[in-house]
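> Just to be clear, the model below is a prediction. Sequence and coordinates:
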Amino acid sequence: MGVIWRYVLVVDDGLSPCIEDGMLTLARRKPALRGRAQRGDWVLAMASRTLHPHGRAIAWAGRVSASLPLLDYSRRYPDRADALPLPAGSGAMAPLAGDGPLQSVEGRRALIFEPFWYWSNRSAVTLDDAVAPFAHSFSGARNRHQAEERIGELEHWLSSLASPGVHGQPSDKPGLSSGRRIPLRDQ
């Protein structure tokens, strides 16, 4: 039986999730979700109620295709905005917040999604009645075990809206156009 993880996307800055080069990843924020989600699980990010008061709008969704140790992810994809800067000889230590002190990243994970649909917090799509039970409107990540047919309904609904991929731009994207990495705490 599959698991669907749901959370509210409060900050949509292009780093969590990171949508670069046709790939959607979650390597910053939501450490409990990243630590527990497994290959084949689904993640639904509900749009902020500030922008969508009804609480039934989805900013992005995707199926976990890989769950990697955060250090491995950062070594494999060093140029992605959400990769940790890895000082030479630091082992399993990296700064989790900009120029902050090195901290252990042992046990922390990064998720890669395929297929995925990304709209953004501002351009989120409203869940229709068939998939409305997947809505999630409060802080914190939650999961729900679903019968494969319910997961199939979700995937069918997403595919009926658009082909997988990026369909919007992050709503809160300051400074990213310059190509510089914005430090974020792993919260």
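Thanks, I have it.
> can you pull up the bridge partners for the closest residue to residue 22 other than its chain neighbours?
Once flanking residues are discounted, residue 22 sits nearest to residue 165: 6.9 Å by C-beta to C-beta, 6 or more residues apart in numbering. No exception for glycine: its C-beta is placed from N, CA and C like everyone else's. Residue 165 has these beta-bridge partners by DSSP bridges: residue 117.
> for residue 62, same thing?
Applying DSSP bridges to residue 62 gives these bridge partners: residue 43, residue 116.
> The one 5 residues further on now?
Taking DSSP bridges as the rule, residue 67 bridges to residue 111.
> looking at this, residue 151 is in a helix?
Yes - counting by DSSP: H, G, I helix; E, B strand; the rest coil, residue 151 is found in a helix.
> excluding its backbone neighbours, what's nearest it?
residue 2 (4.7 Å).
> And residue 115, by the same measure?
residue 164 is the one closest to residue 115 (C-beta to C-beta, 6+ apart), at 3.6 Å.
> tell me the contacts of the one you found?
Residues counted as contacts of residue 164 (C-beta atoms under 8 Å, 6 or more residues apart in numbering) are 114-117, 158.
> Out of those residues, which end up buried?
By neighbour count, with 16 or more other C-beta atoms under 10 Å, the contacts of residue 164 hold 116-117, 158 as buried.
> can you put these in TSV and add pLDDT?
As requested, the buried ones among the contacts of residue 164 are arranged in TSV below (pLDDT from 0 to 100):
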residue	pLDDT
116	97
117	96
158	93
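> In stretch 126-133, which residues are buried?
So stretch 126-133, judged by 16+ other C-beta under 10 Å, has buried residues 127, 131.
> Run through the helices of this protein in chain order.
Applying DSSP state H to the chain gives helices spanning 31-36, 70-76, 148-161.
> next one: the second one to chain centre, how far?
The reference is to helix 70-76. How far helix 70-76 lies from its chain's middle: 16 Å, per C-alpha atoms, centre = their mean, to the nearest Å.
> Report the mean per-residue pLDDT for that helix.
Helix 70-76 carries an average pLDDT of 89.
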